[in-house]
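Undergrad: Give me the fold of what follows.
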Amino acid sequence: MSIVRVPIARVARGVADLRAEPRADAELVDQVRFGERLTLLAEQDDWYFVQAREDHYFGWIQDADVRETDEVPGDGVVNVLLASSSRAPGGPDSFRLPAGTWLELGGERGGVLRVRHPWVDLWVNATDVTRASDLEARPPSRADLVMAARAFLDVPYLWGGTSAKGIDCSGLVQLAYRLCGIVLTRDADQQATQGRAAEGDREAGDLLFFGAPVTHVAMYTEAGKIIHAADAPIGRVVEQPAAERGTPVSVRRYLP
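TA: Sure, this is the predicted structure:
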């Protein structure tokens, strides 16, 4: 399972520009406001490639316009496909927590961790959680995206599903990207409007969209292959030659 603690920054001026390229004269794609949080995805010279946390736009911002912060969503994150939980240490299973769920952690007792929530007593196996302090803080790589998606191989297809209990095509790529700190919208046709058109050779982590209008999405993994949640007759997450799916109507990229 690939989970990345991506660095976060806050905007340090009144209004800051997001550019299509790391140049002051490049196309203006968005603007962000003082205090707004940004996910730092790459660095080049005195520019950062970021995703705005409020409107999810991607772009380049000058490093002088941001200040890094150690903000994280919780004390730890679920590192298995589905983590069992119980209402008491050693008690019967209560419900499952999907991969990538951030938790506020309490004390540990006999190999189980207490989850600090005011409305429910909940305990999870310590081995099913990685503490935020133990995650490497860095931008995600294309290999991280592919590794995250491959963790769900053979998970059954479920229309509307977003976890290892069952997942659909856009739910798979949304979850793989979220495990690497990048927020994508829910549906394939929405995801096809994010990022930017991928020019030249396809790269790992690129998303391929199919249908007119768009009805399906897959992730490019390596030379000529894709991973996707395939509906009938396959009915599960598979990795296969891209040619077997047909010609995509567009290819989008979300890392520089």
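Undergrad: only C-alpha atoms for contact and neighbour calcs from this point on.
TA: OK.
Undergrad: and the nearest residue to residue 115 once chain neighbours are set aside, what pLDDT?
TA: Leaving aside its sequence neighbours, residue 115 sits nearest to residue 105 (Cα to Cα, 6 or more residues apart in numbering; 4.7 Å). pLDDT for residue 105: 94.
Undergrad: From residue 128, how far out is residue 105?
TA: Going from residue 105 to residue 128 by Cα to Cα, to the nearest Å gives 12 Å.
Undergrad: now do residue 89
TA: Where residue 128 is concerned, residue 89 sits at a distance of 14 Å (Cα to Cα).
Undergrad: same thing with residue 237?
TA: According to Cα to Cα, residue 237 stands 23 Å off from residue 128.
Undergrad: okay, those two: which has more neighbours?
TA: Comparing residue 237 with residue 128 by other Cα atoms under 10 Å, the one with more neighbours is residue 237, at 25 against 20.
Undergrad: Please name the bridge partners of the more buried one.
TA: Going by DSSP bridges, residue 237 is paired in beta bridges with residue 229.
Undergrad: Now do the helices in this protein.
TA: 142-150, 169-179, 188-191 (DSSP state H).
Undergrad: got a list of contacts for the last one?
TA: Defining contact as Cα atoms under 8 Å, 6 or more residues apart in numbering, one finds that helix 188-191 is touched by 169, 170, 184, 185, 209, 213, 214, 215, 216, 217.
Undergrad: pretty sure the fifth one contacts residue 197?
TA: No - under the criterion of Cα atoms under 8 Å, residue 209 is not in contact with residue 197, lying 11.2 Å apart.
Undergrad: Could you count how many residues lie near the residue nearest to residue 138 when sequence neighbours are not counted?
TA: The shortest distance from residue 138 to any non-neighbouring residue, by Cα to Cα, 6+ apart, is to residue 6 (5.2 Å). Using other Cα under 10 Å, residue 6 has 22 neighbouring residues.
Undergrad: Same question for residue 252.
TA: 21.
Undergrad: Please apply the same query to residue 250.
TA: 15.
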